[in-house]
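Asker: coordinates only, sequence not included:
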């Protein structure tokens, strides 16, 4: 009996010691005045955000930033529940979500571009495609590679008489949102039958999970076509199509043609950070050298930070300074990771949005 | 003595609470799924379970879960068709025939198969197995037997068949290790009695050993089925993930989607304020109901049919 009591006391002591030890060694409070910021959301900008955060933390050792890439939907839900300090989303907030998170600022932090990747023997990068032909392929109207619609755009090569295997994303994704948005403005048939969304009712083709999944199926199977983010296409050295832009030029997706698209698309006029971004698109930008399938991805943050429980002046300052850094110095991390840097006119808009953030009605210093 | 008695009572209450927690967790899960899916159930009613369209695009929302229910049932059935004979064969060989030097290491490796994370099976399926299946099974079958509807279509290896084969491989360790224990538990006196009346080894195994262990073996199959129905990651990677009417599994060589893969695919990016999120939760509810009803049916079968018919004492 005695032994049992001693054993119980020892067990409790071990647990208590463990808990306190954990708190002592791992609690952020014990080291000098730490600020912890949390964010969650889109997976697409995660590699870039993660690199930025690591770099930022080496400069500001008292700031700890946790970003969980749980998906745009989860990030928006967390923003609406006010459980995070910032969120990231590939698509702007629609009216319903804007109503649930009033006063949200959209801060474009990087750019996504969608490439059409294919696997055709002996046909290198640069197959010519137009928006309406792509829509016909993905809606199942054009089923053969040597269909006159495709062959007619590519008189320099002989396309095989093979069925086209279409690969789309199976998971809900910002990439699909951008791509179906492009098809929607390119083809009335697509617009009326399918429309734009992070997941749509694909009439044909097979679904693969993530950019990696689509890339792997396209590369592993002949006569396939799929859409992937630029970063994945270039990392995997995939053969990609040159798309005809509104100026009539055949444009390959490169960091340069995409940045041109953003610059020229943004010059059409963008809302302020607190405005309605749901109709913003950079698709079919007017510049003659612009790649047509391009879009922003956003950081979302409340304009008045006191709505978030537990927000303090220190935390608000750290958050605003981090956002400021992301759209300025942080952008240097983009090109090595095959993301596109924000052009100057977009940085200007972001600057105005970030400067407008307040805590208890007072402006928060940006540096 | 007195002190021991009170300790006994404390222990009794403690385990009662622990046992109740299992029930409470199930009830809370059921309630959460039901309340979360209420918006979509109210809007579409029964057609949520019988409809075939799935469209989350704003303004054209339609959600029908039937194709994914069928996808789940068909892939699990293929898994059982392939997996059960293999697993029983492994179990019978290991218990009844294999010498110790073979039995111990092979049992060990079969058990290890169960510990391989499902994403590994999925990756292997995506990068290796699907090419084998396309080259050696699907292409010949569709070329020569393509006129039979279940073999129609151009095979790419990302389809119902590959998903079924991956699932079969994944349920083998579960079914075979449980059946191994069941067969091991058959008393030797049964075998000796059977041999003594002149039965061959095949007859002994078929008529006495398997018959004696029937309900246990059935339980093993149900465990495997449970794993097949709920399996998400590996299936998502190889099933082709089609949506809407295209996901109805009419051919082995067509893409489809199971309930769990549909949820895994769409849940993360579902817009919180739309009907899309409730729709995924509704599919989760359907999946829970399916698993529960299979388990209840299995329970009934074990207690009513097998025990009586098998004539074996448990």
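Answerer: Looks like it came in fine. If you're wondering where the values come from, they're calculated on a predicted model, not measured in any experiment.
Asker: Might you list the low-confidence residue ranges for the chain?
Answerer: Looking at chain A here, since you left the chain open. Low-confidence segments of chain A (pLDDT under 70): A:1-2, A:19-33.
Asker: meant chain B, my bad for not saying
Answerer: In chain B (pLDDT under 70), the answer is B:1-4, B:305-314.
Asker: Does the residue nearest to residue A:64 when sequence neighbours are not counted belong to a helix, a strand or coil?
Answerer: Closest residue to residue A:64 apart from its sequence neighbours, by CB to CB, 6 or more residues apart in numbering or on different chains: residue A:36 at 4.5 Å. C-betas here are computed from N, CA, C, even on glycine. When classified by DSSP: H, G, I helix; E, B strand; the rest coil, residue A:36 comes out as strand.
Asker: Could you check how far residue A:36 is from residue A:320?
Answerer: Distance, residue A:36 to residue A:320, by CB to CB, to the nearest Å: 15 Å.
Asker: list the contacts for residue 247?
Answerer: Answering for chain A, as no chain was given. By CB atoms under 8 Å, 6 or more residues apart in numbering or on different chains, the residues touching residue A:247 are A:286, A:287, A:288, A:290.
Asker: Actually, chain B is the one I wanted.
Answerer: So residue B:247 contacts B:54, B:67, B:68, B:71, B:255, B:256, B:257 (CB under 8 Å, 6+ apart).
Asker: Quick check: of these, which has the highest neighbour count?
Answerer: residue B:257 (34 neighbours; other CB atoms under 10 Å in any protein chain shown).
Asker: Let me know the helix or strand that that one is in.
Answerer: Using DSSP states H and E, residue B:257 sits within no helix or strand.
Asker: Residue A:36 and residue A:320 - which one has more neighbours?
Answerer: Taking other CB under 10 Å, residue A:36 and residue A:320 do not tie; residue A:320 has more neighbours (22 against 13).
Asker: mind checking which helix or strand the more buried one is in?
Answerer: Per DSSP H and E, residue A:320 falls inside helix A:313-327.
Asker: Who are the packing partners of that helix?
Answerer: Using 3 or more CB pairs under 8 Å, 6 or more residues apart in numbering or on different chains; DSSP states H and E, the elements in contact with helix A:313-327 are strand A:35-41, helix A:46-59, strand A:63-68, strand A:104-119, strand A:294-302, helix A:344-355, strand A:358-359.
Asker: and of those, who's closest to residue A:145?
Answerer: With CB to CB as the criterion, residue A:145 lies closest to strand A:104-119 of those, at 9.0 Å.
Asker: The closest one near chain B anywhere?
Answerer: No. Using CB under 8 Å from any CB of the partner chain, we find that strand A:104-119 stays clear of chain B, coming within 11.8 Å at best.
Asker: Pull the residues that contact the following helix or strand past that strand.
Answerer: Moving toward the C-terminus from strand A:104-119, the next helix or strand (DSSP H and E) is strand A:128-129. Identification of contacts with strand A:128-129 by CB under 8 Å, 6+ apart yields A:116, A:150, A:153, A:154, A:241, A:242, A:243, A:244, A:250.
Asker: isn't there a helix covering the third one?
Answerer: When you say that, I think you mean residue A:153. No. The assignment for residue A:153 (three-state DSSP) gives coil, which keeps it out of a helix.
Asker: can you put the contacts of residue A:247 in CSV and add neighbour count?
Answerer: Formatted as CSV, those follow (neighbours: other CB atoms under 10 Å in any protein chain shown):
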residue, neighbour count
A:286, 13
A:287, 19
A:288, 13
A:290, 25
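Asker: Just flag the most distant two among the residues you listed.
Answerer: A:286 and A:288 (8.2 Å).
Asker: what helix or strand does residue A:291 sit in?
Answerer: Using DSSP H and E, no helix or strand contains residue A:291.
Asker: quick one, what contacts residue A:235?
Answerer: Applying CB under 8 Å, 6+ apart to residue A:235 gives the contacts residue A:338.
Asker: And the helix or strand containing residue B:143, what's buried?
Answerer: Per DSSP H and E: residue B:143 is located in helix B:139-145. By 16 or more other CB atoms under 10 Å in any protein chain shown, the buried positions in helix B:139-145 come out as B:141, B:142.
Asker: One more: stretch A:94-111?
Answerer: Here stretch A:94-111 shows A:94, A:97-98, A:100-101, A:104-111 as buried, counting by 16+ other CB under 10 Å.
Asker: likewise stretch A:270-283?
Answerer: Quick answer for stretch A:270-283 (16+ other CB under 10 Å): A:270, A:273, A:274, A:277, A:280, A:281, A:282, A:283.
Asker: again, but for stretch A:64-84
Answerer: Buried, per 16+ other CB under 10 Å, within stretch A:64-84: A:64-65, A:67-80, A:84.
Asker: Please flag which of the residues you listed sit within helices.
Answerer: A:72, A:73, A:74, A:75, A:76, A:77, A:78, A:79, A:80 (DSSP state H).
Asker: Confirm for me that the fifth one is in contact with residue A:94.
Answerer: This means residue A:76. No. Applying CB atoms under 8 Å as the test, residue A:76 and residue A:94 come out as separate, 9.7 Å apart.
Asker: Now the common contact residues for the two.
Answerer: Listed as contacting both residue A:76 and residue A:94 by CB under 8 Å, 6+ apart are residue B:271.
Asker: re earlier: quick one, the helix holding residue A:320 and strand A:104-119 angle?
Answerer: Put simply, helix A:313-327 runs at 40 degrees to strand A:104-119, going by axes from the mean of the first three to the mean of the last three CA atoms, to 10 degrees.
Asker: List the buried residues of helix A:313-327.
Answerer: For helix A:313-327, the neighbour count (16+ other CB under 10 Å) marks A:315-327 as buried.
Asker: Need the contact partners of that helix.
Answerer: Under CB under 8 Å, 6+ apart, the answer for helix A:313-327 is A:33, A:35, A:37, A:52, A:56, A:60, A:63, A:65, A:85-86, A:107, A:109, A:299, A:301, A:305, A:342, A:347, A:350-351, A:354, A:357, A:359, A:364-367.
Asker: go again using 6 Å as the cut-off
Answerer: A:35, A:37, A:52, A:56, A:63, A:85, A:109, A:305, A:347, A:350, A:354, A:357, A:359, A:364, A:366 (CB atoms under 6 Å, 6 or more residues apart in numbering or on different chains).
Asker: Check these and tell me the two furthest apart.
Answerer: Pairwise distances across the contacts of helix A:313-327 (CB to CB) peak at 24.8 Å, for the pair A:35 and A:347.
Asker: When these two are compared, which one has more neighbours?
Answerer: Neighbours per residue (other CB under 10 Å) separate residue A:35 from residue A:347, with residue A:35 holding more: 19 against 14.
Asker: From residue A:329, how far off is the nearest residue to the more buried one once chain neighbours are set aside?
Answerer: Of all residues not flanking residue A:35 in the chain, residue A:318 sits nearest, at 4.4 Å (CB to CB, 6+ apart). Taking CB to CB as the measure, residue A:318 falls 16 Å from residue A:329.
Asker: What about residue A:128, how many residues nearby?
Answerer: 17.
Asker: Near chain A, which residues of chain B? Just list them.
Answerer: Within chain B, the positions near chain A by CB under 6 Å from any CB of the partner chain are B:55-57, B:156, B:158, B:236, B:240-241, B:243-244, B:255, B:265-266, B:268-273.
Asker: Out of those, which sit inside strands?
Answerer: The strands, defined by DSSP state E, take in residue B:55 from the residues of chain B next to chain A.
Asker: and chain A, which of its residues are near chain B?
Answerer: Checking chain A against chain B by CB under 6 Å from any CB, the hits are A:71-74, A:76-77, A:96-97, A:100, A:165, A:170-173, A:195, A:197-202, A:206-207, A:209, A:221.
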